[in-house]
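**Student:** Next come a sequence and a model predicted from it.
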Amino acid sequence: MSNRRQFLKSAAALGAAIPAGAAAQTKSDHDKQHAHNMRQAAAAQPRPYMFLSQDEVAFLDAAVSHLIPKDELGPGAKEAGVTYFIDQQLFGGYGSMARKYTQGPWPEGTPQQGYQSPLTPAAVYRAGIRDTNAYCQKTYGKTFGALARAQQDEVLKGLDGGKIELEQVRSPFFFNMLLANTIEGFFADPVYGGNRDKAGWKLVGFPGVAAVYTSFIEKHNVPYKAQPVSIADITGRLAKVDEYGHPIHVMLDDDQAGA
Amino acid sequence: MATKLKPVDVVTIGVGLTGTILAQELASTGLKVVGIERGRWRDTEHDFAMPGVHDELKYVRNKELMQDLSRETITFRNNASETALPMRQLGSFLPGEGVGGAAVHWGGLTWRFLPWDFETRSQTLARYGAKQVSEECTMQDWGVSYAELEPHFNRFEYLYGVSGKAGNLNGKIIPGGNPFEGARSQEYPNPPLKTAYSSALFAKAAQSMGYKPFPVPTAANSRAYKNEYGQTIAACVYCGYCQFFACEMGAKGSPQTAVLPVLMKNPNYELRTLCNVTKINLDSEKKRAVSVTYVDSRGREFEQPAELILLTSYVLNNTRLMLLSGVGKPYDPATNTGVVGRNYAYQTPSSVTCFFEDKNFNAFMGAGGLGIAIDEFNGDNFDHSGLEFIGGGFIQAGSNGARPIEVRPVPQGTPRWGSEWKKAAAKYFNRNFSITIQGACQSYRGNYLDLDPTYRDAYGLPLLRMTFDRRDNETKMSDWLTNKAAEIAKAIRPSKMNVNPRRGKYTIVPYQSTHNTGGTVMGADPNSSVVNKYLQSWDVHNVFVIGAGNFPQNGGYNPTGTVGALTFQALEAIKTKYLKRPGALA
């Protein structure tokens, strides 16, 4: 128990101690100021949704905040930009089943045969959100986004377990896709629009783009606590790199590092 | 109409691990060799550069280095009573696409199959009698022995620069290596990789139980190494982006690091990328292949005549192209006759995940093959009397690079989402490791590959249909092996353990391993094999088929080391026998 408490305490400290979007080491105060300005500019840019409607954004903002909630450990999926990540994914190749086999016929098949829907992921979201909102309207008199949190939780559990029947898609099929994409958006490189401020990586203690670990791999049971580095940190020259392009990680102080 | 091209000596269909080695060796003898590859050109400098190569979404979720299923996939069913449906997205296994094939994104584990593996049937019957094996099981001997393949294993290990520790050097057991391996003529070219914390704990526990742990042999190189072609393979930096990824360091043995730079300079070699072979054309008597037909990226159809045609693509495509071209008799499960598509098998992987409160493993570090293994429970290294199964697998623990989208285990009973899940994911991401078991898989009459009656590829040709499920033998073996792994896990004293033997129906949904085998199996009898011991088609003598499709059943190891050995087996036969006197070699 004490380990767990210690862990929660220090993980909470992690969230507090690292400034939002902290990037890797910069050489001088000038560089630091530059990095800060870059982040401010990036944060200020509006992020236009390219696939999702306003109703769908409201649905997803609410749904993903249950799947990965904001809590004492730090931001949740909503705060990490997962709705925007999903929007970008559905607008792009993933949403249209790029590089996947899309020819019919489409019998439902067995669970062992996997994805057999005639719908692309983009179409699954459109149908699943519409049907779930229709269910919520019928059952509670409101759309999903407008429900109380306890009711939202009830609906998501109903979709997860298949107890709520949707008209156009099987509910666990829709739910599992939403859950998988939420986790992807929380942990993928921030270049895809989610994992803002590397919230997912900081949560679990993942350093992102890897450094050379040759001299660390045999330091057994010594946690490697680094400020995570993203792809854009390197292409934007916010992180120093070695001759092969690996970032030189900046190590966190013990009181900053929890996980 | 296809444009007929000038004849060449050799065509390789596919430019991956087997196709590059054969092309380099045969072009060096003065033969004109053309490599035809349906994917694109890929090299380390331009295609696998930092930082973009460390992108989990791109390479693991979107499968950037793997087969484009929009053009061609397979269909799948568990048994012949079901309707096979297309594998619409990749899951269970991940064939590569593009120059280098799956040897770009492989994990690097480079095993030699046990001497026993090559004689599975005769050894099993001799030791246990027919009662040990189910009536439906079609396991068979390979028609080649470990001793015959030993020089070829050795050469492949020295070509790719494998790191490991010999356990049996010319019959002498060497401490620290695998005492169960077949006798090897030389030590590995490179020393083992460093030892991760998980491996050290596993090794200590295994040793205390009387087992003999040893480093997993891997083509992630422990030091910079120059091979026989003068290619330098760099030293692994343990970055953890290894399996499913290409190596930015050029530290993983692959066509790109070991062969292609020298092959591309060979004036006798020509590579044609984005060209999809649709057929091997036979003469009127169907005894000799005269050419291959392919379609290029501008939609032009060509016919390339050649004296020698080498099928060097992935297992599934090798089988399919034989079926589409009428090379060899298709297998018919109803009568158990015919051979092409017969004895499709796979792997039976399982795991025990150990969770700790007070140990940190830096799980994101490592390499695909970084681990310590034991081999006490592989092949026939243990007495199977009374066990109701045959075969086994190696058991290992290591650090292979956990990335949080795919690899973030939580203890059994944790909800799949919400606050409790989040707490567990945060707590255990770096506080767990898995002991994994690479279980074997036998072949059965009802597991096979043929052409699908309904679904077609982008060229209008039938897809390959896979009919496959594991049998009682595999389930019992997996239970037993996983239990052995759990005993070791308990000795390490984790706070929690997920024990995951492989049970239930085979499903193509979750990733298991890209270790598909069979379909073009080798053997001594043309009634039960597609190719002879030289990997030459029994029916069409100027077609050789090379790859894990040659395995009559799958052993308890990763297949690549044995595929490398078979490549040199075919090469030696072509160079020393076939070219001197073209015709049937067996």
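**Tutor:** Structure received.
**Student:** Go ahead and confirm A:Gln88 touches A:Met50.
**Tutor:** Yes - A:Gln88 lies in contact with A:Met50 (Cβ atoms under 8 Å); the separation is 6.8 Å. Every C-beta, even on glycine, is put in place using the N, C-alpha and C of the backbone.
**Student:** Who has more neighbours out of the two?
**Tutor:** A:Gln88 (21 against 12; other Cβ atoms under 10 Å in any protein chain shown).
**Student:** Quick one: mean pLDDT over the helix or strand hosting that one.
**Tutor:** If you go by DSSP states H and E, A:Gln88 is part of helix A:82-91. Averaging pLDDT along helix A:82-91 gives 98.
**Student:** Pull it out as PDB, backbone CA atoms only.
**Tutor:** Taking Å, rounded to 0.1, in the frame of the first residue of the first chain, the C-alpha atoms of helix A:82-91 are listed here in PDB:
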ATOM      1  CA  VAL A  82      -7.900  12.600 -28.400                       C
ATOM      2  CA  THR A  83     -11.100  13.900 -30.000                       C
ATOM      3  CA  TYR A  84      -9.000  15.900 -32.400                       C
ATOM      4  CA  PHE A  85      -6.700  12.900 -33.000                       C
ATOM      5  CA  ILE A  86      -9.700  10.700 -33.900                       C
ATOM      6  CA  ASP A  87     -11.000  13.500 -36.200                       C
ATOM      7  CA  GLN A  88      -7.700  13.500 -38.100                       C
ATOM      8  CA  GLN A  89      -7.600   9.700 -38.200                       C
ATOM      9  CA  LEU A  90     -11.100   9.400 -39.600                       C
ATOM     10  CA  PHE A  91     -10.400  12.100 -42.200                       C
END
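**Student:** after it comes which helix or strand?
**Tutor:** Sequence order places helix A:121-140 as the next helix or strand after helix A:82-91, per DSSP H and E.
**Student:** re the thing from before, and the helix holding A:Gln88, anywhere near chain B?
**Tutor:** No - using Cβ under 8 Å from any Cβ of the partner chain, helix A:82-91 stays clear of chain B, with a minimum separation of 8.8 Å.
**Student:** Just want the angle from that helix to helix A:121-140.
**Tutor:** Orientation of helix A:82-91 against helix A:121-140 (axes from the mean of the first three to the mean of the last three Cα atoms, to 10 degrees) gives an angle of 130 degrees.
**Student:** in the chain, which spans are helices?
**Tutor:** Picked chain A for this. A:2-17, A:29-44, A:54-67, A:82-91, A:121-140, A:149-161, A:171-187, A:199-204, A:231-235 (DSSP state H).
**Student:** Please refer instead to chain B.
**Tutor:** For chain B, the helices defined by DSSP H cover B:17-27, B:44-47, B:56, B:120-128, B:146-160, B:197-208, B:260-263, B:315-325, B:419-428, B:472-492, B:560-573.
**Student:** any low-confidence regions in the stretch 1-150 of chain A?
**Tutor:** The model of the stretch 1-150 of chain A has pLDDT under 70 over residues A:1-46.
**Student:** Point out the residues in it that sit beside chain B.
**Tutor:** With the criterion set to Cβ under 8 Å from any Cβ, the stretch 1-150 of chain A comes near chain B through A:3-4, A:7-8, A:11, A:66-69, A:71, A:73, A:76, A:93-94, A:97-103, A:105, A:107, A:109-116.
**Student:** Filter the residues you listed down to the buried ones.
**Tutor:** Among the residues of the stretch 1-150 of chain A next to chain B, the ones that count as buried by 16 or more other Cβ atoms under 10 Å in any protein chain shown are A:7-8, A:11, A:66-69, A:73, A:76, A:94, A:97, A:99-101, A:103, A:109-110, A:112-116.
**Student:** what does the domain assignment say about chain A?
**Tutor:** If you go by automatic domain parsing, the domain ranges for chain A are A:1-13+A:29-45+A:205-259, A:54-196.
**Student:** Would you mind finding the most buried of these?
**Tutor:** Mean neighbour count (mean count of other Cβ atoms under 10 Å in any protein chain shown) peaks for domain A:54-196 among these, with a mean of 20.
**Student:** got a list of what the residue most central in space within chain A touches?
**Tutor:** Centroid check for chain A by Cα atoms, centre = their mean gives A:Phe186 as the closest residue, at 1.6 Å. Neighbouring residues of A:Phe186 by Cβ atoms under 8 Å, 6 or more residues apart in numbering or on different chains: A:68, A:77, A:80, A:82, A:194-195, A:199-200.
**Student:** Closest to B:Met139 out of the residues you listed?
**Tutor:** For these, the closest approach to B:Met139 (Cβ to Cβ) belongs to A:Gly200, at 46.0 Å.
**Student:** Relative to chain B, how far out is that closest one?
**Tutor:** 6 Å (Cβ to the nearest Cβ, to the nearest Å).
**Student:** what's near enough to touch that residue?
**Tutor:** Contacts for A:Gly200 (Cβ under 8 Å, 6+ apart) come out as A:80, A:186-187, A:194, A:206, B:404.
**Student:** ditto for B:Thr12
**Tutor:** Residues near B:Thr12 by Cβ under 8 Å, 6+ apart: B:18-19, B:22-23, B:33-36, B:310, B:312.
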